[in-house]
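S.K.: What follows is a predicted protein model with its sequence.
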Amino acid sequence: QQSQGGGRARKPEQGEDLLYSINLNFMDAAKGLETPIQVVRKEKCTACAGKGIEPDSSKILCPVCKGSGRVEKQTGFMKFASACPNCAGTGYLPGKNCGTCHGEGRIDKVTRIKARIPAGVDNDSKVRLAGKGNAGKYGGTIGDLIITINVSPHKFFKRDGANLEIVVPVTYLEAALGAKVEIP
């Protein structure tokens, strides 16, 4: 994308998903929690409203097709006409690139987000926060934030699917006759 119309026509593009990793202790993973996280993500440029073009800039006649929107290619005796690849067949380029975002329609920003981690997440679980990823180029839709969960082991408990396991020492007599044993 060049600043004075030497670039191609701009179509909105989907924003990228962001990946984030979080470490949780065993009990937080079991109970769930809401925690603030800080990410650097691309947000819509406020100077150009995400369009990537200076607001007071006017359209520029496409230098490739000279405003016709079509280009001709000759192969031997045959002539073929197609939409101009520089302006996508419009005949015009959108205008001067925004000075703040350099024509991308988005800027980097440090953002604090409240992440809700549901109860029962396991190691390597993924939590998707819709619309919390990068803003799309040229006003496109926002991507998602995907959080990977890393759960540290517990001192006593071990997880087996949806079950918790614990090893409790019992004497031979307690095992043979039965007994009530207190567990943490």
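M.R.: Arrived safely, thanks for sending. These numbers were taken from a predicted model, which means no experiment stands behind them. Numbers count the residues shown, from 1 in each chain.
S.K.: Quick one: low-confidence residue ranges for this protein.
M.R.: Along the chain, segments meeting pLDDT under 70 span 1-9.
S.K.: what's near enough to touch the closest residue to residue 125 other than its chain neighbours?
M.R.: In space, and not counting its chain neighbours, residue 125 is closest to residue 149: 4.4 Å by CB to CB, 6 or more residues apart in numbering. C-beta coordinates here come from the backbone N, C-alpha and C atoms, glycine included. Residues in contact with residue 149, defined by CB atoms under 8 Å, 6 or more residues apart in numbering, are 22, 24, 29, 117, 121, 122, 123, 124, 125, 126, 127.
S.K.: cool, and residue 12?
M.R.: 136, 137, 138, 139, 140, 141.
S.K.: where's the closest residue to it other than its chain neighbours relative to residue 107, distance?
M.R.: Spatial nearest neighbour of residue 12, chain neighbours left out: residue 140 (3.7 Å); criterion: CB to CB, 6+ apart. Distance of residue 140 to residue 107, given as CB to CB, to the nearest Å: 15 Å.
S.K.: Enumerate the helices of the chain by residue range, in sequence order.
M.R.: Taking DSSP state H as the test, the helices found in the chain are 26-31, 172-177.
S.K.: circling back: among the contacts of residue 12, the buried ones, what's the PyMOL command?
M.R.: Buried residues within those, by 16 or more other CB atoms under 10 Å, are selected in PyMOL with:
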select buried, resi 136+137+138+139+140
